[in-house]
Structures are given as C-alpha cells and as structure tokens.
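> sharing a model that was predicted from the sequence below.
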Amino acid sequence: MTENINVHIKKVSDNFNDLPLPGYATDGSAGVDLRAALEEQIVLRCGDIKMIPTNLMVEIPDGFELQVRPRSGLAAKHGIGILNSPGTIDSDYRGEIKVILFNFGDEEFIIKRGDRIAQMVLNKYYKINFTEKTDLNSSSRGEGGFGHTGKE
C-alpha cells in the first residue's frame, strides 16, 4: 500500500493559473506530470538543450527528494530526454523547478504552453555516514568493472 506524503507547492506567477498542478495520470502512476509554463512556444532543434520553466516551487519534507525524469512517450517517439536524468530537487531548494530538456531526435520538437514535459517522483533518502577503512571485505566480483561479465 502506498503512503501519502504532503509536499507544499507554490506557483511562481499568476500568469499560468490556467495550468493544473502536477497530478497522477492513473491510480498506479509513480510520477506526476510536469507542464511547460511558457508564454510562447519553444523550438527544440536537433541537439538543442533548453531549460523549460514549470512555474512551480516546492517545500519537500526533510529526508525526501523529488526526482525529475523523462516521459517515456517523448523519449520513444521524439528523442526528447532530460539531460541530468534523474534531476534531483533537494528538500532545502526553494527556487522554481526547471527541466533541462534535450533533443536527440532527427527532427525539431515544438514545446507549447501546458505540454507535459517530464514526470516527478518523490523518494525517501538516507544520509550516509562514511567510515574510512584501510581494507574492505572481499566479494566474488572483486574489482571487476565495466563490462567484466561479458555481453550477455
């Protein structure tokens, strides 16, 4: 069963009151949709990187983060992704959420006001307490790195 966590949200400007707050597309959705808060459309040419505003600011409870992730349909159909995926929004950040979109597709992509451009997932995280040691326990993998197990 899923647990509900309260996250406070604020619109940056009243110019985008026509845009709905982030919401779940279905009952089983893990992420909420983020929408482009644009006065004018943006053309994302092949290879372009653009920061797209959402007009949203959040107050996330301590111990949680919001992750901004690509939308699978935009990625599969148009080659549109998020450059720093997943992008992390820390609990102490109070600025506007912006999404760094890039176009790896073969055609330019037009982003219009209200378009769903990304999804956002709430995650719990744990603080790390590092303890420096001179030796680490061994494992069956050892120091085997990238590709050490073969192609399959």
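In hand now; what should we look at? Residues are numbered from 1 along each chain as shown.

> correct me, but residue 95 touches residue 58?
No - applying C-beta atoms under 8 Å, one finds residue 95 not in contact with residue 58, separated by 9.7 Å. No exception for glycine: its C-beta is placed from N, CA and C like everyone else's.

> neighbour count winner among the two?
Set residue 95 next to residue 58 and count neighbours by other C-beta atoms under 10 Å: residue 58 wins out with 20 against 9.

> setting aside sequence neighbours, what's the nearest residue to that one?
residue 9 (5.3 Å; C-beta to C-beta, 6 or more residues apart in numbering).

> for the one you found, give me its contacts.
For residue 9, the contacting residues are 21-22, 56-59, by C-beta atoms under 8 Å, 6 or more residues apart in numbering.

> element containing it, please.
strand 8-11 (DSSP states H and E).

> next, the buried residues of that strand.
residue 11 (16 or more other C-beta atoms under 10 Å).

> distance from it to the middle of the chain?
17 Å (C-alpha atoms, centre = their mean, to the nearest Å).

> mind listing the strands it pairs with, and their directions?
Sheet pairing for strand 8-11, assigned by DSSP bridges, gives strand 56-59 (antiparallel).

> just the CA trace of stretch 47-56, in CSV.
Extracted C-alpha coordinates of stretch 47-56, given in CSV (Å, rounded to 0.1, in the frame of the first residue of the first chain):
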residue,chain,number,x,y,z
GLY,A,47,21.0,18.7,-30.5
ASP,A,48,19.5,21.6,-28.6
ILE,A,49,19.4,21.8,-24.8
LYS,A,50,16.9,24.2,-23.2
MET,A,51,15.7,24.9,-19.6
ILE,A,52,12.0,24.8,-19.5
PRO,A,53,10.2,26.6,-16.6
THR,A,54,7.3,24.9,-14.8
ASN,A,55,6.1,27.9,-12.7
LEU,A,56,6.3,25.7,-9.6
